[in-house]
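Asks: Below is the structure, and that's it, no one-letter string:
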């Protein structure tokens with residue numbers, strides 16, 4: 001495990017529909033932004049198919065590497081929703097109806113609407129902790145450091161706040177963005193010099209194209225606002241020297 005200032009996570013996006021291009025992955029940005037606010041860095045994202053062996057292998061690999069692992073997708077009512085069973089197998093836990101989850105779903109759907117497909121959403125590791133779902137009633141779950149969430153972004157997002165007190169984060173990750181009307185090649189050397197002088201600040205350079213003109217967004221990320229401010233001052237110096245136009249800053 002890492003120290004408090006270096007809590008790291010991995011994300012596993014599960015679904016053939018994402019790999020085929022039918023569905024866009026929006027969950028990575030939702031989860032990563034939320035984790036950043038808690039001081040947790042996402043080090044890796046994998047997209048894998050609805051395949052039991054692939055899920056078991058990936059979960060077991062990443063849960064040993066990272067403080068936290070988040071899976072999305074595959075916990076719904078259909079035949080290809082196999083994440084819960086696969087995670088049970090990864091931890092060698094009993095897979096079956098979770099009593100609390102079953103009770104929640106039974107009350108949510110009423111007995112008349114509580115069909116076999118909806119009952120399936122209560123099947124998971126029987127000793128798992130639940131992640132309550134304020135949107136659709138069907139809970140996610142977690143075992144040790146692996147958190148299993150649904151694939152629908154709006155539902156997933158509504159469930160994250162319930163984990164704020166479960167996760168132990170590091171210092172919040174702060175950021176500042178500087179948008180410039182220039183090309184990356186024009187600032188590459190200067191930016192490299194600034195990065196070399198500011199090892200504790202993560203400096204990213206991202207080209208953009210707006211209103212028919214190219215530009216570059218420089219993003220500074222650190223847990224220390226003073227270090228971001230110092231880095232920002234150094235960048236502003238070479239911007240002034242090169243007479244580069246600033247479009248806007250955050």
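Replies: Arrived safely. Values in this document were obtained by computation on a predicted structure and should not be read as measured data.
Asks: Can you give the domain ranges for this protein?
Replies: Here the chain is described, according to automatic domain parsing, as comprising the domains 4-163, 174-249.
Asks: If you count neighbours, what's buried in the biggest helix by length in the chain?
Replies: Across the chain, the helix with the greatest residue count (assigned by DSSP state H) is helix 225-242. Along helix 225-242, these residues count as buried under the neighbour rule (16 or more other Cβ atoms under 10 Å): 227, 228, 230, 231, 232, 234, 235, 239. Every C-beta, even on glycine, is put in place using the N, C-alpha and C of the backbone.
Asks: How about the contacts made by the residue nearest to the third one when sequence neighbours are not counted?
Replies: This points to residue 230. Take residue 230 and drop its neighbours on the chain: the residue closest to it by Cβ to Cβ, 6 or more residues apart in numbering is residue 198, 7.0 Å away. For residue 198, the contact set (Cβ atoms under 8 Å, 6 or more residues apart in numbering) comprises 227, 230, 231, 234.
Asks: what would these look like in CSV with pLDDT and distance to residue 142?
Replies: Output for those, formatted as CSV (pLDDT from 0 to 100; distance: Cβ to Cβ, whole Å):
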residue, pLDDT, distance to residue 142
227, 95, 34
230, 95, 39
231, 95, 37
234, 96, 42
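Asks: Kindly indicate which of those residues lies nearest residue 118.
Replies: Nearest to residue 118, judged by Cβ to Cβ, of these is residue 227 at 50.7 Å.
Asks: Could you list the low-pLDDT ranges of this protein?
Replies: Under the criterion pLDDT under 70, the flagged ranges of the chain are 1-5, 248-250.
Asks: please redo it, this time with the cut-off set to 50
Replies: Residue ranges of the chain with pLDDT under 50: 1-4, 249-250.
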